[in-house]
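**Student:** Next comes the sequence, and after it the predicted model I'd like to discuss.
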Amino acid sequence: MNPDDLLYTKEHEWIRISGETGTVGITSHAQEALGDVVYIELPKIGDRFTSHQSFGSVESVKAVSELFVPVAGEVIEVNSSLKDSPETLNTDPYGKGWMIRLKIQNSQEASELLSAKAYDEYVKTLE
């Protein structure tokens, strides 16, 4: 079950919005599909991205997958602990497995994202 306080993309990222800050990670569905995560590439603080632009990648035993920002913004924090412990994405994708924090450029873009219920329905269409 996906947390109700998050918004989701069809590319399987989530964002938790608090004021002008958005914390971004990948969904449980994404980490299950990837399998054991062995490496993660994340941006630097100060990097800017437009909505749905690639901000990094995750490498697992199965594949390499690009990561996409749900909304436009500037990176203000990076979860550097994932470099040494990428498996955290598998064990705690909604908690310690967060990837970046953004200063959101346009909060209106969040209205295009999926609720937990809508994301659950979308995932069912992929099975």
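**Tutor:** Yes, it's here.
**Student:** Tell me which stretches of the protein form helices.
**Tutor:** Counting by DSSP state H, the segments of the chain that form helices are 28-34, 81-84, 88-91, 116-126.
**Student:** Can you say which of the ones you listed is nearest to Thr9?
**Tutor:** Distances from Thr9 to each of the helices of the chain were compared by C-beta to C-beta, and the smallest falls on helix 116-126, at 8.3 Å. Yep, even glycine has a C-beta here, placed from its N, CA and C like the rest.
**Student:** That closest one: how far from the chain's middle?
**Tutor:** Between the centre of helix 116-126 and the centre of its host chain there is 16 Å, according to C-alpha atoms, centre = their mean, to the nearest Å.
**Student:** neighbouring contacts of that helix?
**Tutor:** By C-beta atoms under 8 Å, 6 or more residues apart in numbering, the residues outside helix 116-126 that reach it are Met1, Asn2, Pro3, Asp4, Leu6, Tyr8, Lys10, Thr27, His29, Leu114.
**Student:** Please repeat the previous calculation with a cut-off of 7 Å.
**Tutor:** Asn2, Pro3, Asp4, Leu6, Tyr8, Lys10, His29, Leu114 (C-beta atoms under 7 Å, 6 or more residues apart in numbering).
**Student:** Also stretch 19-34?
**Tutor:** For stretch 19-34, using C-beta under 7 Å, 6+ apart, the contacting residues are 2, 8, 12-16, 37, 58, 60, 62-63, 65, 67, 69-71, 73, 89-90, 93-94, 97-104, 123.
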